[in-house]
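S.K.: Below are the sequence and a predicted model; questions follow.
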Amino acid sequence: MKQSGVLILATLLSSAMTAQSIYDNNFKVNDIEGKEFSLNAYKGKKLMIVNVASKCGLTPQYKELQALYEKYQKSHNFEIIAFPANNFLNQEPGTNEEIKAFCEKNYGVTFKIMEKISVNGSDIHPLYQWLTDKTKNGVTDEKIQWNFQKYLINPDGTIAMVIMPRENPMSDKIIRWIEK
């Protein structure tokens with residue numbers, strides 16, 4: 001009797017700790033032009049989700065993000081989705097239209113940019129609730145530290161790793177993950 005109780009507890013703990021897929025939630029977000037977009041469109045692809053801001057010391061990372069996207073999008077089934085957020089020192093004050101124009105003009109961004117959302121606080125977007133809460137994603141409780149924090153999502157929709165904001169998008173760690 002005691003042994004079966006331990007087995008049941010171990011099974012429950014194991015299933016509670018199993019990584020969950022981002023696709024299980026069927027997240028729908030709006031792109032920068034306000035059109036609804038389902039993240040399930042990226043099933044089977046490697047995905048980087050990154051919160052961005054136009055007036056941040058890390059904003060030049062847009063250049064490396066674009067270079068990464070151009071290099072790996074076709075050859076490695078890789079996508080980037082950027083979520084502008086104004087959660088840190090008012091560093092993304094613009095409208096969606098202003099953000100889109102800024103990204104295209106200054107960095108030639110062609111990867112997907114979504115509408116501005118909240119990535120922290122009481123109004124945190126449901127996608128970022130999932131990304132930052134281990135009870136929902138089964139992998140990590142990694143809260144957003146600053147603009148340009150990167151979440152690498154495996155083709156099966158599980159979180160592979162979280163990359164801190166200051167780490168360059170072209171870092172060896174990210175390239176190895178994309179190329180493996």
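M.R.: Cool, the structure landed.

S.K.: Assign the spatially most central residue of the chain to one of the three secondary structure states.
M.R.: Per C-alpha atoms, centre = their mean, the C-alpha nearest to the average position across the chain is that of I49, at 2.1 Å. What DSSP: H, G, I helix; E, B strand; the rest coil gives for I49 is strand.

S.K.: Also A160?
M.R.: From three-state DSSP, the assignment for A160 is strand.

S.K.: now swap in the one 10 residues further on and tell me
M.R.: Under three-state DSSP, the three-state class of M170 is coil.

S.K.: Verify the contact between it and Q66 for me.
M.R.: No. The criterion here is C-beta atoms under 8 Å, and M170 misses it with Q66 at 10.6 Å. (Glycine included, C-beta is placed from N, CA and C.)

S.K.: more neighbours, the two?
M.R.: Between M170 and Q66, counted using other C-beta atoms under 10 Å, the more crowded position is Q66 (18 against 14).

S.K.: I'd assumed W146 was in contact with P165.
M.R.: Yes. With contact defined as C-beta under 8 Å, P165 and W146 form a contacting pair (4.3 Å).

S.K.: Give me the common contacts of those two.
M.R.: Shared contacts of P165 and W146, defined by C-beta atoms under 8 Å, 6 or more residues apart in numbering, are found at L58.

S.K.: pLDDT value on V52, please?
M.R.: pLDDT recorded at V52 is 98.

S.K.: For it, give its distance to K74.
M.R.: 23 Å (C-beta to C-beta, to the nearest Å).

S.K.: So between those two, which is more surrounded?
M.R.: Between V52 and K74, V52 has the larger neighbour count (other C-beta under 10 Å), namely 26 against 9.

S.K.: Surely that one and F148 touch.
M.R.: Yes. With contact defined as C-beta under 8 Å, V52 reaches F148; the gap is 6.3 Å.

S.K.: Give me the common contacts of these two.
M.R.: Going by C-beta under 8 Å, 6+ apart, residues that sit against V52 and also against F148 are Q61.

S.K.: if I pick the residue nearest to the centre of the chain, what's in contact with it?
M.R.: Each residue near I49 by C-beta under 8 Å, 6+ apart is listed here: I81, F83, L127, L131, K150, Y151, I153.

S.K.: what do you get for D24?
M.R.: G157 are the contacts of D24 under C-beta under 8 Å, 6+ apart.

S.K.: What is the neighbour count of D156?
M.R.: Neighbour count of D156, defined by other C-beta under 10 Å: 12.
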